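> Output the structure for:
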Amino acid sequence: MSFEHGGGIDLERDLNPAQRAAVEAGDGAQLVIAGAGSGKTRTLVYRVAHLVAGGEAPESILLLTFTRKAAQEMLRRATQVLDERCARVAGGTFHSFANRTLRRYAERVGFSAGFTILDRSDAEDLVGILRSEAGFDRRERRFPRKNTILDLFSKRINTGRSLEQLLEEDYPHFADELRPLEELEGQYAARKRRQNVLDYDDLLVFLRQLLRDHEGVRRRLSATYRHVLVDEYQDTNKLQAHIAALLVSGHGNLMVVGDDAQSIYSFRGASFRNMLDFPKIFPGTTVTVLEQSYRSTQPILDLANGILAQAKDKYSKSLFTEVEGNEKPHFVRTPDDFAQARFIVRKVLELREEGVSLSKMAVLSRAAWHSNSLEVELGNANIPFRKFGGLRFVEAAHVKDVSAFLRLAVNPLDDAAWFRVLQLFEGVGPRTARDITAAVATAGGDLAALEAKPFATRRYAQDLKRLRKVLEALADDASKDDALAVDEKVAAVVAYYRPLLRRKYDDATRREGDLEALQVIAERYRSVERFLSDIALDPPEVARRDTPPDSEDEWLTVSTVHSAKGLEWHSVFVLNLTDGHFPSHRAMGDEDAYEEERRLLYVAATRAQQNLFLLHPEELPSRGGWGSPLAEVSPLLTEIEGFDDLVVEETFSPTADEDRWADADEADGPGSDRGLLARIDDYFGH
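Next up, the predicted model:
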């Protein structure tokens, strides 16, 4: 079957046979195994367009992705393929979908529709408050910090492990704190419920609870969304997979797209088994394998196939391509870490002279610290680079301060926001902030409590008075003619906050540029609640005004493999392919962890389009008390059958002049399938 529309698009012309089979599949469960660079996004885009063209109401299609940007881009492309109807398809992240759904049914899970969302830092602050109230900050024996505590709570939810398991496996030095931590987790849950706030994990937890425990709601949602599509399914955790399954319990029309060989986020709770076990939940699943790559040359794919061939559990596939290029990957031995860095610097400069821009090259590593020596050498060679990682725009402290003021205007019972705002004032520490917050809570959110005794006689009294005034102005009635617009509210907060900013930060001038950008973002919103939800759920990208160090505006990418997933470059260098570095020493003796290291190498190799360089320093410094200066070749390479024939091997040593230079310079509807729901319950538990 093919279809044509205004743009002259048709399936037979625009898709290869495997992509077309996935797009044209009928109702029921469908698992699409999309090899690296095989056009999975194109397949999803055409699937959406095909469903709409076939008569499905756009509003009955739900597309779940891991970033808001990905969903928006897919629906934009679907609109180009078909027409504007595709813009009405429901698309977004699991968390944003949970937010929208819970606002309609919040009462069913014990909250009101006006709940606010705590982002990571806000949640840490709330945990810190509870930790302090319990006296754990005054104990003689060390107790986990607030960020570690929240990590434990979040990992328990996302990985399915108990607190006891997590302490034993990840924090054995805190194993004796199990009972206090369990009590603290209960207090955290109770405080959130009392304040009507949810953290990121709560959004998924309560959405699943809503779908699992409220049959009427589940049927209604399943009937509303007749087709559910999930992108990057290998990155879902068991909670997200359960939600997707429950959403289709009335009809079973679930299409998931992903690559089991690119499941590399187990530390975040992503479950490799979600891909492998999908047909167990949905018997009769249509499995389609996309093997034609549009990214890499065949020699690179031959190596990638060799890596996958050694995997223990997998969906079999053999990647092939019509991309031109016969250059085999290079396996480069160097004497040490310094020589490895010098080789990369030399090769990067050579490639650039050949016409490959810096922006089309990347250096990937198993861990961020692996690139330390390289970064020094890149600086010495005046090669500008951008290292993936660091804080996102809205995670910056000054941006979070402004957000906290806005959150208080929306929800004056938000403890974490109070705790952050109050400590901006001189003379207000954690204990005083708790006292003021408690007074406001006791008053039911009445801001008059800020000027009550004993605060009215303290040195920060005038600060509290001004704070009350600005919060009351921000909380004006939106129905009034003179109500402030969202960007005007942000501007008002920034004006109030600027003196506090200059007092708190030495680099206030640079930070003020970020606050100006925040006001520009706010111009696109009509409600503060939506603005705050979007900031918390999926921060908008903001272009920094930094001037690049290179007038040609080129940057070499230096990144961990985890941060590089989904990206591609003309030429890729993979660092430290030695036993204990890649694979990590932490994977030794753990079969599942070792298999994930293999998938990491596959991801690294398949980022390359034309050139792939695998680096093996024969001598590396040990780190953290493990390892040996003599570094053996990574077993991930030596296990590949016919490895020597798949690569070009070379040895590189710096010249004597380079050595002297070094010495001198030193990332359920009606008719539902009850059998399907039973299988979902059996697999995921109740």
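> need the next SSE after the lowest-mean-pLDDT helix or strand in the chain, C-terminal direction.
Ranking every helix and strand in the chain by mean pLDDT, DSSP states H and E puts helix 656-665 at the bottom, with a mean of 44. On the C-terminal side of helix 656-665, the closest following helix or strand by DSSP states H and E is helix 674-684.
> okay, which residue of this structure is out on the far edge from center?
When distances to the mean C-alpha position of the chain are computed (CA atoms, centre = their mean), the maximum falls on Thr457, with 46.7 Å.
> what about the lengthiest strand in the chain, distance to the chain center?
Longest strand in the chain, counting residues (DSSP state E): strand 608-617. Per CA atoms, centre = their mean, to the nearest Å, the displacement of strand 608-617 from the mean C-alpha position of its chain is 26 Å.
> cool, and stretch 200-212?
Stretch 200-212 sits 19 Å away from the centroid of its parent chain (CA atoms, centre = their mean).
> what do you get for stretch 59-66?
Between the mean C-alpha position of stretch 59-66 and that of its chain there is a distance of 18 Å (CA atoms, centre = their mean).
> Can you point out the buried residues in it?
Applying a neighbour-count criterion of 16 or more other CB atoms under 10 Å, the buried positions in stretch 59-66 are Ser60, Ile61, Leu62, Leu63, Leu64, Thr65, Phe66. (Glycine included, C-beta is placed from N, CA and C.)
> for whatever helix or strand comes next after the longest strand of the chain, packing partners?
Elements were assigned by DSSP H and E; along the chain past strand 608-617, the next helix or strand is helix 635-638. The helices and strands touching helix 635-638, judged by 3 or more CB pairs under 8 Å, 6 or more residues apart in numbering; DSSP states H and E, are helix 591-605.
> relative orientation of the helix it packs on and strand 608-617 in degrees?
Taking axes from the mean of the first three to the mean of the last three CA atoms, to 10 degrees, one finds helix 591-605 and strand 608-617 inclined to each other by 120 degrees.
> between the buried residues of stretch 59-66, which is nearest Trp569?
When the buried residues of stretch 59-66 are ranked by distance to Trp569 (CB to CB), Phe66 comes first, at 21.2 Å.
> Using CSV, list the CA coordinates for the helix or strand hosting Phe419.
Counting by DSSP H and E, the secondary-structure element that holds Phe419 is helix 415-422. Output of helix 415-422 as CSV, limited to C-alpha atoms (Å, rounded to 0.1, in the frame of the first residue of the first chain):
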residue,chain,number,x,y,z
ASP,A,415,8.5,24.4,51.6
ALA,A,416,11.4,23.8,49.2
ALA,A,417,10.8,27.2,47.5
TRP,A,418,10.5,29.0,50.8
PHE,A,419,13.7,27.4,52.0
ARG,A,420,15.6,28.5,48.9
VAL,A,421,14.2,32.1,48.9
LEU,A,422,14.5,32.9,52.6
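> average pLDDT across it?
Predicted confidence along helix 415-422 averages 93 (mean pLDDT).
> returning to what we had before: check what pLDDT the residue farthest from the centre of the chain gets.
Looking at Thr457, its pLDDT is 84.
> show me the contacts for Gly325.
With CB atoms under 8 Å, 6 or more residues apart in numbering as the criterion, the residues that contact Gly325 are Thr297, Gln298, Pro299, Gln610.
> wait, Val486
Taking CB under 8 Å, 6+ apart, we find Val486 in contact with Ala522, Glu523, Tyr525, Arg526, Ser527, Val528, Phe531.
> which residue ends up closest to the midpoint of the chain in space?
Centre of the chain computed as the mean C-alpha position; nearest residue by CA atoms, centre = their mean is Phe66, 7.1 Å away.
> hang on, isn't it packed against Val230?
No. Here Phe66 does not reach Val230: they are 9.5 Å apart, not a contact under CB atoms under 8 Å.
> Specify which residues of this protein, grouped into ranges, have pLDDT under the cut-off.
Applying pLDDT under 70 to the chain picks out residues 1-9, 140, 389-395, 476-482, 506-507, 510, 537-553, 621-630, 656-674, 686.
> Once you drop chain neighbours, what's closest to Leu239?
Take Leu239 and drop its neighbours on the chain: the residue closest to it by CB to CB, 6 or more residues apart in numbering is Leu204, 5.1 Å away.
> from the middle of its chain, how far away would the host helix or strand of the one you found be?
Using DSSP H and E, Leu204 falls within helix 200-213. Put simply, helix 200-213 sits 19 Å off its chain's centre (CA atoms, centre = their mean).
> And for stretch 461-468?
If you compare the mean C-alpha spot of stretch 461-468 with that of the full chain, they lie 38 Å apart, counting by CA atoms, centre = their mean.
> residues in contact with that stretch?
By CB under 8 Å, 6+ apart, stretch 461-468 touches Val421, Phe425, Glu426, Val428, Ile436, Leu447, Ala448, Leu450, Glu451, Phe455, Tyr496.
> can you check stretch 66-77 too?
Stretch 66-77 has contacts (CB under 8 Å, 6+ apart) with 41, 44-45, 48, 63-65, 86-87, 89, 91-94, 96, 231-232, 235, 534, 537-538, 541.
> Please indicate which of these are buried?
In the contacts of stretch 66-77, the ones that pass as buried (16+ other CB under 10 Å) are 41, 44-45, 48, 63-65, 86, 89, 91-94, 96, 231-232, 235, 534, 537-538.
> returning to what we had before: which positions in the helix holding Leu204 come out as buried?
Burial within helix 200-213, assessed by neighbour count using 16+ other CB under 10 Å, is assigned to Tyr200, Asp201, Asp202, Leu203, Leu204, Val205, Phe206, Leu207, Arg208, Leu210, Leu211, Arg212.
> Please name the residues that touch the closest residue to the last one other than its chain neighbours.
Taking CB to CB, 6+ apart as the measure, Arg212 lies nearest to Leu246, with 6.3 Å between them; neighbours along the chain are not counted. Neighbouring residues of Leu246 by CB under 8 Å, 6+ apart: Arg208, Leu211, Arg212, Arg218, Ser222, Leu677, Ile680.
> got it, and Gly28?
By CB under 8 Å, 6+ apart, the residues touching Gly28 are Gly252, Asn253, Phe282, Gly284, Thr285, Thr286.
> Okay then, goodbye and thanks.
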